[in-house]
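Participant: When you get a sec, could you give me coordinates for this:
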Amino acid sequence: MFILTKIADVIQIHPKEFGVLSIHALTDAINTKYANKLVLGVGLCICLQDILWHSEGLLGQGDGLASVNAEFTIVVFRPFKSEVIQARIASQTAEGMRLSTEFFDNIYVPRNYLPDDCEFRPVDGIWVWKSDGQELFYDNNEIVRIRICGEEWHDQASVDPVDMADESAEALALSGRRPMYQIIGSMDDVGLGACIWWDE
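Facilitator: The predicted model follows:
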């Protein structure tokens, strides 16, 4: 679910940070630029792990910012294919389910990745799985287990890290655009679906 990724970048340090020990100022600047941000083709950056190398800062003319070349490792959320994770059902439609974790909202389970005996009930707005004569409900806010089937990247014409606040379900619905990074999951196997079904 979490990986370490090596990144090389030019990090700018604001003059107000010049009084702070340089390694702390660099750490803060890297976390400000990358923490809780999506990087195209990399994933959701969580936090700085380690600074591998950095240059001396060069002061720019006019703005006074110190530009530092740095190479560092970042903790990144990017589940691998076939990994099983837990998430919470955020919303449901006849097309499938939207899920979220505490820090990532763009997980989607299409209807063809639900068990064969599932049906959508438009009146209730939920999916129901009929198994061995029982009806098992996928309730909103229920914690479920899913298997990662894949991921989708949609280029937003930005090379800079994208803030997760701009990728929330509400922000995407208002703008009408697709998420930059979306995880595709499945619940069509034994042990997947609502955790409460399998934990009893």
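Participant: which residue packs closest to S100, ignoring adjacent ones?
Facilitator: Using Cβ to Cβ, 6 or more residues apart in numbering and skipping the chain neighbours, the partner closest in space to S100 is A90 (4.7 Å). For every residue, glycine as well, the C-beta is placed using N, CA and C.
Participant: need the next SSE after the helix or strand of the chain with the lowest mean pLDDT, C-terminal direction.
Facilitator: Sorting the helices and strands of the chain by mean pLDDT, DSSP states H and E puts helix 169-175 at the bottom, at a mean of 66. The element immediately downstream of helix 169-175 (helix or strand, assigned by DSSP states H and E) is strand 181-186.
Participant: mind saving the C-alpha coords of that following strand as PDB?
Facilitator: Only the C-alpha atoms of strand 181-186 are listed here, as PDB (Å, rounded to 0.1, in the frame of the first residue of the first chain):
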ATOM      1  CA  TYR A 181      -5.500   9.300 -10.000                       C
ATOM      2  CA  GLN A 182      -8.200   6.700  -9.400                       C
ATOM      3  CA  ILE A 183      -7.800   3.200  -8.000                       C
ATOM      4  CA  ILE A 184     -10.100   0.400  -9.400                       C
ATOM      5  CA  GLY A 185     -11.100  -2.300  -6.900                       C
ATOM      6  CA  SER A 186     -13.100  -5.500  -6.900                       C
END
